[in-house]
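In: prediction below, plus the sequence it came from.
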Amino acid sequence: MKKTLTGIIRAKEAIVIIIIVIFALILSFGSKTFINSTNFESLQTSIAPSAIIAVGMMILLISGVFDLSVGSVMGLSGVTVSLFLSYNIPVPLAIAGGLSVGLIFGFFNGFLVAFVKVNPLIATIGTLYIGRGMVDALLRGERSYGVPISQQNFIIIGTGKTLGIYNMFWIMLIIVVLAQFIIQKTYFGRQLYYIGGNYESARLVGIKVRRIRLATYMLSGFLASLAGLLATARFEISSKFLGYNLELQIIIACLIGGASIAGGQGSIVGALFGVVFMSLIVNLFNIMEISSFWQNIIVGSILILVIFLDSYLNLRRRRALV
């Protein structure tokens, strides 16, 4: 069974890689603006924050749940750190304050889902609205256009480069490698698959399912906050629109990368491939100047398609086990 599951995941990843290559070739030959340094830099700074959030989302999906509040947490963390810096709070403390937003939201989500038994959809939609409401409340009046940041030792996190690659992209790669190692090579990672595959069975064999679920939600919130800080450092200003509607794109990316709504499937590398795929689609939209309402229609159609395929594959898998 494990070999079959691994084969399915790798097959999904291979398909995504092939599609990414095809998209890249189409964009390369179809548009002169795709192959230039400015566009590659833009792709780096769009992929990195989304991929960091996708790591947390993939871990949740593997364990059988998800988090719709990550976009709000991303935006609120960016606003929080910019406000702290505007009051001349030292950069390390401001960063700690921004990251604590994700930990608090993650703890609250995890507590509701794991201990109070609230449906993840209801719990995280609630915190999505709470987070977005707090962003709107903090950025009102003269702050409605954002809070500018002048501290260069914070801005360098988002704008600095090492070996010609943005620092935020290096941070993303490190997180992806570490997370992939954890879910593949550690007992904690194996527990995630057990919980996602069969929650009750995992509980009965002694796995601390509620503690792990709480920890994974806190990790997801932390990574969403980190992405918010990196994006805010990149723009050098906070924005009430940061992370807006991002959660669905992240879930689509994870599903494309091998995750399943049913849980028990997926890999971190697959999540990265899914994010690259979605970033290339958005890049294609921008190059072809496709209007926003058509973009929403296309993204929504992709979501329906991947959920349909996921349901179909899960049905085939269940029939094969009978």
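Out: Structure received. Residues are numbered from 1 along each chain as shown.

In: roughly how far is stretch 123-142 from the heart of the chain?
Out: 19 Å (CA atoms, centre = their mean, to the nearest Å).

In: now that stretch: buried residues?
Out: 123-124, 126-128, 130-132, 134-135, 138-139 (16 or more other CB atoms under 10 Å). No exception for glycine: its C-beta is placed from N, CA and C like everyone else's.

In: so which of the residues you listed comes closest to Gly189?
Out: Nearest to Gly189 among the buried residues of stretch 123-142, counting by CB to CB, is Thr124 at 22.8 Å.

In: quick one: contacts for that closest one?
Out: The contact partners of Thr124, taken as CB atoms under 8 Å, 6 or more residues apart in numbering, are 66-69, 109.

In: now it: which helix or strand?
Out: helix 120-138 (DSSP states H and E).

In: now do Tyr193
Out: Using DSSP H and E, Tyr193 falls in helix 187-197.

In: from the contact counts, what lies against that helix?
Out: Applying 3 or more CB pairs under 8 Å, 6 or more residues apart in numbering; DSSP states H and E, we find helix 187-197 packed against helix 37-62, helix 167-185, helix 199-204, helix 209-235.

In: any idea how far the helix holding Thr124 is from the chain center?
Out: Worked out by CA atoms, centre = their mean, helix 120-138 lies 17 Å from the chain centre.

In: so it versus helix 209-235, what angle?
Out: Helix 120-138 runs at 30 degrees relative to helix 209-235, counting by axes from the mean of the first three to the mean of the last three CA atoms, to 10 degrees.

In: what's the angle between whichever helix or strand comes after helix 120-138 and helix 167-185?
Out: Moving toward the C-terminus from helix 120-138, the next helix or strand (DSSP H and E) is helix 152-159. Inter-element angle recorded for helix 152-159 and helix 167-185: 60 degrees (by the same axes, to 10 degrees).

In: whichever helix or strand comes after helix 152-159 pairs with which strands, parallel or anti?
Out: Toward the C-terminus, helix 152-159 is succeeded by strand 161-162 as the next helix or strand (DSSP H and E). Strand 161-162 pairs in its sheet with strand 165-166 (antiparallel), by DSSP bridges.

In: rounded mean pLDDT for the host helix or strand of Leu99, please.
Out: Using DSSP H and E, Leu99 sits within helix 91-110. The average pLDDT within helix 91-110 is 97.

In: how far off centre is that helix?
Out: 16 Å.

In: show me which residues of that helix are buried.
Out: For helix 91-110, the neighbour count (16+ other CB under 10 Å) marks 91, 94-95, 97-99, 101-106, 108-110 as buried.

In: Leu68: neighbouring residues, count only.
Out: Look at Leu68: counted by other CB atoms under 10 Å, it has 22 neighbours.

In: now do the SS call for it.
Out: coil (DSSP: H, G, I helix; E, B strand; the rest coil).

In: got the phi and psi for it?
Out: The phi/psi pair for Leu68 (degrees, to the nearest 10) reads phi -90, psi 0.

In: ok, Ala54 - how many residues close by?
Out: The number of residues packed near Ala54 is 34, by other CB under 10 Å.

In: that one contacts Gln249, correct?
Out: No: assessed by CB atoms under 8 Å, Ala54 is found out of contact with Gln249, at 9.2 Å.

In: which one of the buried residues of helix 91-110 is nearest to Ala227?
Out: Out of the buried residues of helix 91-110, the member with the shortest distance to Ala227 (by CB to CB) is Gly102, at 9.0 Å.

In: give the contact list for that closest one.
Out: 73, 77, 218, 220-226, 228.

In: Gly228 too?
Out: 49, 73-78, 81, 98, 101-102, 242-243.

In: Ile47 versus that one, what's the distance?
Out: 15 Å (CB to CB, to the nearest Å).

In: could you give the number of residues near the residue lying closest to Asn119 once chain neighbours are set aside?
Out: With sequence-adjacent residues excluded and distances taken as CB to CB, 6 or more residues apart in numbering, Asn119 is closest to Val113, at 7.8 Å. The local packing of Val113 (other CB under 10 Å) involves 25 other residues.

In: now Gly274
Out: 32.

In: quick check, pLDDT for it.
Out: Each residue has a pLDDT score; the one for Gly274 is 90.

In: where are the low-confidence patches of the stretch 151-300 of the chain?
Out: For the stretch 151-300 of the chain, no stretch is flagged by pLDDT under 70.

In: can you rerun that using 80?
Out: 282-296, 298-299 (pLDDT under 80).

In: is Lys117 in a helix, a strand, or coil?
Out: Lys117 falls in the coil class when you classify it by three-state DSSP.

In: thinking again about what came up before, dump the helix holding Thr124 to CSV, restricted to CA.
Out: C-alpha atoms of helix 120-138 as CSV (Å, rounded to 0.1, in the frame of the first residue of the first chain):
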residue,chain,number,x,y,z
PRO,A,120,-11.7,23.0,10.0
LEU,A,121,-13.7,24.8,7.4
ILE,A,122,-15.8,26.7,10.0
ALA,A,123,-12.9,27.4,12.4
THR,A,124,-10.5,28.8,9.8
ILE,A,125,-13.2,30.8,7.9
GLY,A,126,-13.9,32.4,11.3
THR,A,127,-10.2,33.3,11.9
LEU,A,128,-9.9,34.4,8.3
TYR,A,129,-12.6,37.1,8.9
ILE,A,130,-11.1,38.0,12.3
GLY,A,131,-7.6,38.5,10.7
ARG,A,132,-8.9,40.5,7.7
GLY,A,133,-11.1,42.6,10.1
MET,A,134,-8.0,43.4,12.2
VAL,A,135,-6.0,44.4,9.1
ASP,A,136,-8.8,46.8,8.1
ALA,A,137,-9.1,48.2,11.6
LEU,A,138,-5.3,48.8,11.9
